[in-house]
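In: predicted model follows, preceded by the sequence.
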Amino acid sequence: MLTGLIAQLLNGVQYGLLLFLISSGLTLIFGVMGVINLAHGSLFMIGAYLAFGVASLTGSLWLALPVAVLGGAVFGAVLERLLFRRFRTRAHLDQVLLTFALILLFEEGRSTLAGNQFHSVPVPGVLDFSVPVIGGFGYSAYRLAVLVICLIVAAGLVWLIERTRVGSAIRAAAENTEMLNLLGFDAGRVHTMVFAGGTALAMLAGALAAPLQSVYPGMGDGFLILSFIVVVIGGLGSVAGAFWAALLVGLIDTLGKAYLPQAAGIAVCAMMAVVLLWRPTGLFSRT
Amino acid sequence: MIVASRPGQCVLGAAALGIASMPLWASAWHMQLVSTALVAALFALSLQVLVGATGLVSLAQAGLFGLGAYTVHLLGSPPVWITLPAAMLAAGVAALLIGPLALRTKGFFFLMTTLAFGQMLFFAFHDTPLGGGTDGLFIVRPSLGFSVSRAERPAVFLLLNLSVLAIVYGGLCWLMSTMLGHALQGIRSNENRMAALGHNVQRLKLIAFVLAGALAGLAGHMSALTDAFVSPDLLGWHRSAEALLMILLGGIGALHGPILGAFALVAIQEAGSLLSDRPRLVEGVVFLAAVLFLRQGIAGWRLPWRARP
């Protein structure tokens, strides 16, 4: 019972951290560019399929991680330059429809290239053992590795945004794009960077998640809804807010699925309703 | 919100007469296809009360649509004069519960809150025994008060859906000319000014939300009646996004836009699956083209000799 609970808690934290990788990109893209990206869950799915492809071609998942990050950055930059740039100032409705169209096109591309079957990606051999936690209870080493990788990425992201020159440009772009231009920065480049970074994070999350669950067609859907809930609870544009909200949502969803499977989906949405009643702009928003 | 001009209304009326005459010349399959489009039009029209009239973009609409459809199943298919008001009431009450919470938020947050509430309804039918399974189920059609043979069915449901759509469209045309309709449109153009003029903006928005919800429930009811099938997919947010596309395709500024858009989208989907084995690709490209190039929608097309407004 106790060991089961510990396992579920660890699963919840690890799930929450994966959610953070996805929702941090989402919250930054909205905070800085003002764009709602419903196709963000599809980017996660693409990352997972990329990992599946690389792992089955080369037999190594480790190679898939840098491929997902670099591929994601390039893909995101192209999407931003070609499409999202034009939709920055358009109505929310147009953004919803643009990204819905992208979902359909990504799904079609996925079914053409990889088919509609479920795939499984093996856990890398080095990490295919369990770490003893207490009293003979073991926890998957790969899950722990995912947890550590996510924490390192989260720390790096917070450092990048709070402590570096690039980070202050990103924060300035969220405040006032025109002012950023007047100060001699290229706001357009900042937007491309943010979108590329968000895409890379989502695809990295997909690649990391591939061995944890099956790789299948709509796998991004559940993550999309949950990461939007994370963004709303955490407050738009707040990376720290996204971090704590992701942990909270990850824990509630995992514990809910384990102990009260019929109410898990509703529980998370209900929590968001409560937060919105209490603080309509999220827990960590500045206003 | 543009209500069609007199010639425009005549064209719509002529189209309705054309559809009403279908039982005389069209095949059962074509009548079923048009029935699908009529239900889609009714659903998109319910969303237009929020999007086009009041300026609220909601993703909870499919949840209310599905709730209306499932009401038929949950009541155990009593006669239609019970299921129809019950479906509208169920969806309206759900909207009345969701509305005050969702309307505390604006813009992006409203979109996301309605997405979450819509998905909550989806999960309620998808994850619990309430919905009777994730794959959906065939239901018993409520009795219409007269017996309908299998051969007559497509024609009867076609005429039924057409009359419901005509009544709702007529009612909304009238609503847009009332003080309430004008107040809603005022909120769309400038919410702060409406508040400054002394209107209770929150209450007006809630009225629009509940009215739209009840109409979505009606559309869901007609869908359950026509197809005799309900599934949790009816409640998924993809459906809401599709209804938004119908509105955008048909024209966000016009009350008849969603009707044109629904027919266009059903035609595109049908053509997509007839002409190619990739209907999703066709749909995606049409969405993309519509959002990139078709800013005014079909209702915004002007004949070359008529001046643009």
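Out: Received it, and whenever you're ready, just let me know what you need.

In: right, and the helix or strand after the helix or strand residue B:47 falls within?
Out: Assigned by DSSP states H and E, residue B:47 belongs to helix B:28-48. Sequence order places helix B:61-74 as the next helix or strand after helix B:28-48, per DSSP H and E.

In: flag the shaky bits of the stretch 101-250 of chain A, pLDDT-wise.
Out: Applying pLDDT under 70 to the stretch 101-250 of chain A flags residues A:134-136.

In: which parts of it are strands?
Out: For the stretch 101-250 of chain A, strands defined by DSSP state E, counting those that start in this stretch occupy the ranges A:130-134, A:137-140.

In: could you dump the ones you listed into TSV with mean neighbour count added?
Out: For every residue, glycine as well, the C-beta is placed using N, CA and C. Below are these laid out as TSV (neighbours: other CB atoms under 10 Å in any protein chain shown):
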stretch	mean neighbour count
strand A:130-134	12
strand A:137-140	16
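
In: switch the ones you listed over to JSON lines; also include distance to residue A:232.
Out: What follows is the strands of the stretch 101-250 of chain A, written out as JSON lines (distance: least, CB to CB, whole Å):
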{"stretch": "strand A:130-134", "distance to residue A:232": "34"}
{"stretch": "strand A:137-140", "distance to residue A:232": "31"}
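
In: show me what contacts the residue lying closest to residue B:276 once chain neighbours are set aside?
Out: Among residues not flanking residue B:276 along the chain, residue B:282 sits closest, at 6.3 Å (CB to CB, 6 or more residues apart in numbering or on different chains). Applying CB atoms under 8 Å, 6 or more residues apart in numbering or on different chains to residue B:282 gives the contacts B:268-269, B:271-272, B:275-276.

In: name the helix or strand for residue B:282, please.
Out: helix B:279-293.

In: convert the C-alpha atoms of that helix to CSV, please.
Out: Taking C-alpha atoms only, helix B:279-293 is exported to CSV below (Å, rounded to 0.1, in the frame of the first residue of the first chain):
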residue,chain,number,x,y,z
PRO,B,279,-10.2,13.3,-46.3
ARG,B,280,-8.2,14.8,-43.3
LEU,B,281,-5.6,16.2,-45.7
VAL,B,282,-8.3,17.9,-47.8
GLU,B,283,-10.0,19.2,-44.7
GLY,B,284,-6.7,20.5,-43.3
VAL,B,285,-5.8,22.3,-46.5
VAL,B,286,-9.2,23.9,-46.7
PHE,B,287,-9.0,25.1,-43.1
LEU,B,288,-5.6,26.6,-43.8
ALA,B,289,-6.7,28.2,-47.0
ALA,B,290,-9.8,29.6,-45.3
VAL,B,291,-7.9,31.1,-42.4
LEU,B,292,-5.2,32.5,-44.6
PHE,B,293,-7.3,33.9,-47.5
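
In: would you map the helices across the stretch 151-287 of chain A?
Out: All helices of the stretch 151-287 of chain A, identified by DSSP state H, counting those that start in this stretch, fall at A:165-175, A:177-182, A:187-209, A:219-234, A:239-259, A:264-278.

In: so for residue B:77, which of those helices sits nearest?
Out: helix A:264-278 (26.5 Å; CB to CB).

In: re the thing from before, what's the closest of the contacts of residue B:282 to residue B:123?
Out: Residue B:123 has its nearest neighbour among those in residue B:269, at 26.5 Å by CB to CB.

In: okay, buried residues for the host helix or strand of that closest one please.
Out: Taking DSSP H and E as the criterion, residue B:269 maps to helix B:257-275. Neighbour-count burial for helix B:257-275 flags B:257-266, B:268-269, B:272 (criterion: 16 or more other CB atoms under 10 Å in any protein chain shown).

In: which parts of the stretch 1-150 of chain A sit against chain B?
Out: The stretch 1-150 of chain A has residues A:30, A:36, A:38, A:86, A:92-94, A:96-98, A:100-105, A:107-108, A:111 near chain B, with proximity defined as CB under 8 Å from any CB of the partner chain.

In: among those residues, which ones are in helices?
Out: Residues of the residues of the stretch 1-150 of chain A next to chain B located in helices (DSSP state H): A:30, A:92-94, A:96-98, A:100-105, A:107-108, A:111.

In: so for residue B:308, what's the pLDDT?
Out: At residue B:308, the model reports a pLDDT of 44.

In: gap between residue B:102 and chain A?
Out: 8 Å (CB to the nearest CB, to the nearest Å).

In: can you check residue B:46 too?
Out: Here residue B:46 is placed at a distance of 16 Å from chain A (CB to the nearest CB).

In: do residue B:24 as well
Out: The gap separating residue B:24 from chain A is 37 Å, by CB to the nearest CB.

In: same question, residue B:35
Out: With CB to the nearest CB as the criterion, residue B:35 and chain A are 25 Å apart.

In: return the distance of stretch A:126-142 from the chain's centre.
Out: Distance of stretch A:126-142 from its chain centroid, counting by CA atoms, centre = their mean, to the nearest Å, is 26 Å.

In: for residue B:229, grab phi and psi.
Out: Here is the backbone geometry of residue B:229 (degrees, to the nearest 10): phi -150, psi 130.

In: compute the number of surrounding residues for the nearest residue to it once chain neighbours are set aside.
Out: Nearest residue to residue B:229, sequence neighbours excluded (CB to CB, 6+ apart): residue B:138, at 5.4 Å. Burial of residue B:138 is recorded as 11 neighbouring residues (other CB atoms under 10 Å in any protein chain shown).

In: could you do residue B:298 as well?
Out: By other CB under 10 Å, 18 other residues sit near residue B:298.

In: and the residue lying closest to it once chain neighbours are set aside, how far from chain A?
Out: Leaving aside its sequence neighbours, residue B:298 sits nearest to residue B:260 (CB to CB, 6+ apart; 4.6 Å). Using CB to the nearest CB, residue B:260 is found at 16 Å from chain A.

In: the helix holding residue B:282 to helix B:257-275, inter-axis angle?
Out: Helix B:279-293 runs at 140 degrees relative to helix B:257-275, counting by axes from the mean of the first three to the mean of the last three CA atoms, to 10 degrees.
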